[in-house]
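A.B. asks: give me a 3D structure for the following:
(2 chains)
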Amino acid sequence: MATHSENQYFVPTPSLYPVFMSVGILTLASGFIFSINNYNAGNWMMISGAALIVLMTFFWMGKVIAENQSGVYKHWEDKSFRWGMIAFICSEIAFFAAFFGALFYMRIISVPELAGFDPDFTMHKDFTDAWPSLGPGGDVIRYGGALETYAPPSNFSPMGAWGLPAINTLILLISGATITWAHWGLLKNNRKQLVLGMFLTVVLGIAFLLCQAYEYHHAYTDLGLTLGAGAYGSTFFMLTGFHGFHVTLGTIMLIVILLRCMKGHFTPDRHFGFEGVAWYWHFVDVVWLGLFIFVYWL
Amino acid sequence: MSYSATAHHDEHHDHPTGIMRWFTTTNHKDIGTMYLIFSLIMFMVGGFMILAVRAELFQPGMQLMQPEFYNQLIGVHALIMIFAALMPAATGFANWMLPLQLGAPDMALPRLNNWGFWLLPPAAILLTLPFALALIGIGDGAIATGWTFYAPLSTQGGIGVDFAIFAVHILGISSVMGSINVIVTIFNMRAPGMTLMKMPIFAWGWLITAFLLIATIPVLAGAVTMLLTDRHFGTHFFSAAGGGDPILFQHLFWFFGHPEVYIVLLPVWGFMPQILQTFSRKPMYGYKAQVYSLWAIGVLSLVVWAHHFFTVGMPIPALVYFMFSTMAISLPLAVLFFCWIATIWRGSMTFETPMLFAIGWIILFGIGGLTGLVLADVAADAQYHHTYFVVAHFHYTLFAGGIMGIMAGVYYWLPKMTGHMYSETLGKWHFWLTAISFNLTFIPQFFLGLAGMPRRIPDYALQFADFNAVSTVAAFVLGLAQLIFIYNVVQCARGGKKATDRVWEGAEGLEWTLPSPPPYHSFTVQPVIK
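C.D. replies: Here you go, the predicted model:
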């Protein structure tokens, strides 16, 4: 595989990274299972599995960058990456759709139904159909058959939309603008604008995450809003939590791209790595708008 | 040109040999082979499990196992057969044949392709490990909820549910990676001049499968994630006490679960017309009609999910909508059946093993489709829900429609893959034993279901004894018949009569223009399609 003419597709050389990546995932997953089932060895498995995954991601992506820098990716390969990234982002949309679906189901179907029972046949006569809802309370059976009685937290108040969440919306929207500005810089071959735009985007991403961390702290300590706080708490934390996880990944990707920009990678006509991350960042941005409207605001 | 010195040479020049070849490979044929072998192994594992179940059901009363273990066996049997046998077999064919049929040098994302496969063994380990862990005192065995994970049963289950949740996660990542690869390969790797409407129909079947996987697998991942947090982290997605609803799980699960049926079947619908046309020596009938029908079925499958739980309690308009939308699927499916039959109509047919399986498949899968129409009827379903009628129905779709279809594909392409002809005599024995014993296994179950025998229960009333005994004996014959299949495949891989490039007299398509077996790097220069 020494030479590649334009009409020869680049097939990477055999690689051990995927196998080790899978071993890492197996170790992390089984460690997690043991850990949540109170086997302490699970914690060590989780740490080693996660370390292996991080290491393999580092090597694998490093290999991709090295291949790219050596010029083996031509127009044909570039198109593959574009299609691949689009398909991947579609699968991510479907993942968030599941949690939005759960939110809408609870708001439109299950909470009204629970509130609509004939008072003669329910123990929760004063449960009303209102959102945010913590549920009527009652017995819950957890794993292994453990019975617990759930009572909605009494000191609860929901997360308002127009404080920190509105600021976070602004932060993400501005970061969408700065990454586009950086892209313009790249297209004009203005490296200063590129690096500055990327740097600002990374800073805004980190600022968003710090705000989210503060918001979670505020929710747990002041609002009585916890993961266990009924339908509202479940959907609030799972939706914003998975979004925050994606922002974290996106920020790490942005940092890698920033470093590559500073090293002089990418040219005005060949920069899929940059664009792929930018697409991902816009996707995370759009999901946040959905969250802001349906979780925080309405 | 056949299995020549050049082919031999190029197997050694740019990749490791021995076990490392398989760990590190980025070659679509190597990866396809691994998928197919993995699928065959897991087919055997899942088969052994269900034979133990059938042995228990041989007569009323509890003989061999505890009910808890019985529940574990049926749940893991289904998860293995669907996720670890059928889906990997279809992906194996995609890997082997899509680049050959499209005139591509390889799959579009070869390293990702390798990862897609190597995620499967960890998932299989997670699915089966709880059985072994129970022996050393950790946990109480594998998932015992059936493959559907219904809450609240699954929120109460033991460590086996956690293992199954993560197995499904990993299988899901694997499927999504495989789908991304298929989509990119089909859009970007076709030979010059091969427009979408000139693609082999197998590529269409797989393209729609890949879209369905991208749209639904993440929803399943979301559903089992909610299950995990409900079990361990105090959320209330599926608990009414917190405002959630166990039925929400059924909606999320079947939003994935119904398209999953088509995910398993669409690849088969893709290559089956090619087999039918090959052995009828006639052009395929209604290529366009088939492509549009495949699309119609793919799209419709996303909006019919609630017919899996009509009896759970839904508003009447919802029942009516899901009944009619489900029945609407039978229209494009009828178009497909018409095209398949019209393809062989008045053809000069010969009945080699792939053709036998293909004809058998049309008939048996037809029964699966028609009994599905019975279950789609809300009023009838109230009677048949959760009975053996359902078991028989989905085995006609998934065993006859899925696995027998896959077997037709294996016999069809095995000479191309290995360069040798399989034993036609053994192939025919395999077909007839499979077809007859399959029917003897599941036709009694239709009657058991009509008579009201509930599924997933290890014991049953005395009046069901005779049919169950027949079903069990036939199931063991069915299981043993698969040993012929394995022997035949292994013998074919080891040697035998050399296969020609075209293998079958009527075979059409780019894969038949290459030597059998194809060189390690096929189509390094793409053919041009006129």
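A.B. asks: ok, the residue lying closest to residue A:182 once chain neighbours are set aside to residue A:186 distance?
C.D. replies: If you skip the residues right next to it in sequence, residue A:182 has residue A:197 as its closest partner in space, 2.6 Å away by Cβ to Cβ, 6 or more residues apart in numbering or on different chains. C-beta: built from backbone N, CA, C; applies to glycine. Residue A:197 sits at a distance of 9 Å from residue A:186 (criterion: Cβ to Cβ, to the nearest Å).
A.B. asks: before we move on, what about residue B:62?
C.D. replies: The span separating residue B:62 from residue A:186 equals 70 Å under the rule Cβ to Cβ.
A.B. asks: neighbour count winner among those two?
C.D. replies: In this view residue B:62 and residue A:186 are compared by other Cβ atoms under 10 Å in any protein chain shown, and residue A:186 has more residues nearby, 24 against 11.
A.B. asks: and the more buried one, what does it touch?
C.D. replies: Residue A:186 makes contact with A:194, A:261, A:266, A:268, A:271, A:274 under the criterion Cβ atoms under 8 Å, 6 or more residues apart in numbering or on different chains.
A.B. asks: ranking those by neighbours, who comes first?
C.D. replies: Ranked by neighbours (other Cβ under 10 Å), these are led by residue A:194, which has 26 neighbours.
A.B. asks: assign that one to helix, strand or coil.
C.D. replies: Assigned with DSSP: H, G, I helix; E, B strand; the rest coil, residue A:194 falls in the helix class.
A.B. asks: isn't it up against residue A:182?
C.D. replies: Yes: between residue A:194 and residue A:182 there is a contact under Cβ atoms under 8 Å: 5.1 Å.
A.B. asks: quick check: neighbours shared by the two?
C.D. replies: Overlap between the contact sets of residue A:194 and residue A:182, as judged by Cβ under 8 Å, 6+ apart, is given by residue A:261.
A.B. asks: relative to chain A, which residue of the stretch 201-350 of chain B is the closest?
C.D. replies: For the stretch 201-350 of chain B, the residue closest to chain A is residue B:222, as judged by Cβ to the nearest Cβ, at 2.7 Å.
A.B. asks: show the pLDDT at that residue.
C.D. replies: Model confidence at residue B:222, given as pLDDT, is 98.
A.B. asks: quick one: residues contacting the residue nearest to residue A:182.
C.D. replies: A:178-179, A:181-185.
A.B. asks: try it again at 7 Å.
C.D. replies: Under the criterion of Cβ atoms under 7 Å, 6 or more residues apart in numbering or on different chains, the contact list for residue A:197 reads A:178-179, A:181-182, A:185.
A.B. asks: which helix runs longest in the chain?
C.D. replies: This is for chain A. Across chain A, the longest stretch assigned as helix under DSSP state H is helix A:230-262.
A.B. asks: try again with chain B
C.D. replies: Across chain B, the longest stretch assigned as helix under DSSP H is helix B:246-280.
A.B. asks: pop out the phi and psi values for residue B:142.
C.D. replies: phi -80, psi -180 (degrees, to the nearest 10).
A.B. asks: so who does it touch?
C.D. replies: Contacts of residue B:142 (Cβ under 7 Å, 6+ apart): B:72, B:75-76, B:130-131, B:160.
A.B. asks: how about 6 Å then?
C.D. replies: Each residue near residue B:142 by Cβ atoms under 6 Å, 6 or more residues apart in numbering or on different chains is listed here: B:72, B:76, B:130-131, B:160.
A.B. asks: same check on residue B:364?
C.D. replies: Counting by Cβ under 6 Å, 6+ apart, residue B:364 makes contact with B:396, B:400.
A.B. asks: give the buried residues for the one helix or strand it maps to.
C.D. replies: Following DSSP states H and E, one finds residue B:364 within helix B:353-376. For helix B:353-376, burial by neighbour count (16 or more other Cβ atoms under 10 Å in any protein chain shown) applies to B:353-362, B:364-369, B:371-372, B:375-376.
A.B. asks: and the angle from it to helix B:246-280?
C.D. replies: Using axes from the mean of the first three to the mean of the last three Cα atoms, to 10 degrees, the direction of helix B:353-376 lies 150 degrees away from that of helix B:246-280.
A.B. asks: I'd like the next helix or strand past helix B:353-376.
C.D. replies: On the C-terminal side of helix B:353-376, the nearest following helix or strand under DSSP H and E is helix B:378-384.
A.B. asks: who does that following helix touch, helix- and strand-wise?
C.D. replies: Secondary structure elements in contact with helix B:378-384, counted by 3 or more Cβ pairs under 6 Å, 6 or more residues apart in numbering or on different chains; DSSP states H and E, are helix B:353-376.
A.B. asks: just confirm residue B:310 contacts residue B:381, I think it does.
C.D. replies: Yes: using Cβ atoms under 6 Å, residue B:310 makes contact with residue B:381 at a distance of 4.8 Å.
A.B. asks: neighbours around the residue of chain A found nearest chain B, how many?
C.D. replies: Closest approach of chain A to chain B (Cβ to the nearest Cβ) occurs at residue A:98, with a separation of 2.7 Å. Counted with other Cβ under 10 Å, the neighbours of residue A:98 add up to 24.
A.B. asks: same deal with residue A:68?
C.D. replies: Other residues lying near residue A:68 total 20 when counted by other Cβ under 10 Å.
A.B. asks: chain neighbours aside, what residue packs nearest to it?
C.D. replies: On the basis of Cβ to Cβ, 6+ apart, the spatially nearest residue to residue A:68 that is not a chain neighbour turns out to be residue A:273, at 6.9 Å.
A.B. asks: over to residue B:236?
C.D. replies: On the basis of Cβ to Cβ, 6+ apart, the spatially nearest residue to residue B:236 that is not a chain neighbour turns out to be residue B:242, at 2.3 Å.
A.B. asks: the one you found contacts residue B:234, correct?
C.D. replies: No: Residue B:242 is beyond contact range of residue B:234, at 8.9 Å (criterion: Cβ under 6 Å).
A.B. asks: between the two, who's got more neighbours?
C.D. replies: The residue with more neighbours, out of residue B:242 and residue B:234, is residue B:242; 32 against 19, by other Cβ under 10 Å.
A.B. asks: what sits against the more buried one?
C.D. replies: Contacts for residue B:242 were tallied using Cβ under 6 Å, 6+ apart; they are A:135, A:230-231, B:236.
A.B. asks: right, is the helix or strand that contains residue B:115 up against chain A?
C.D. replies: The secondary structure element spanning residue B:115 is helix B:110-118 (assigned by DSSP H and E). Yes: under the criterion of Cβ under 6 Å from any Cβ of the partner chain, chain A is reached by helix B:110-118 at B:110-111, B:114-115, B:118.
A.B. asks: right, and the helix or strand after that helix?
C.D. replies: For helix B:110-118, the following helix or strand on the C-terminal side (DSSP H and E) is helix B:120-135.
A.B. asks: pretty sure residue A:103 belongs to a helix, no?
C.D. replies: Yes: judged by three-state DSSP, residue A:103 forms part of a helix.
A.B. asks: my understanding was that it contacts residue A:235; is that so?
C.D. replies: Yes: under the criterion of Cβ under 6 Å, residue A:103 makes contact with residue A:235 at 4.4 Å.
A.B. asks: quick one, which of these two is more surrounded?
C.D. replies: Set side by side, residue A:103 and residue A:235 show more neighbours around residue A:235, with 27 against 23, by other Cβ under 10 Å.
A.B. asks: now the phi/psi pair for the residue nearest to residue B:236, please.
C.D. replies: Dihedral pair for residue B:242: phi -100, psi 10, per degrees, to the nearest 10.
A.B. asks: please report how far it lies from residue B:14.
C.D. replies: In this structure, residue B:242 lies at 58 Å from residue B:14, with Cβ to Cβ as the measure.
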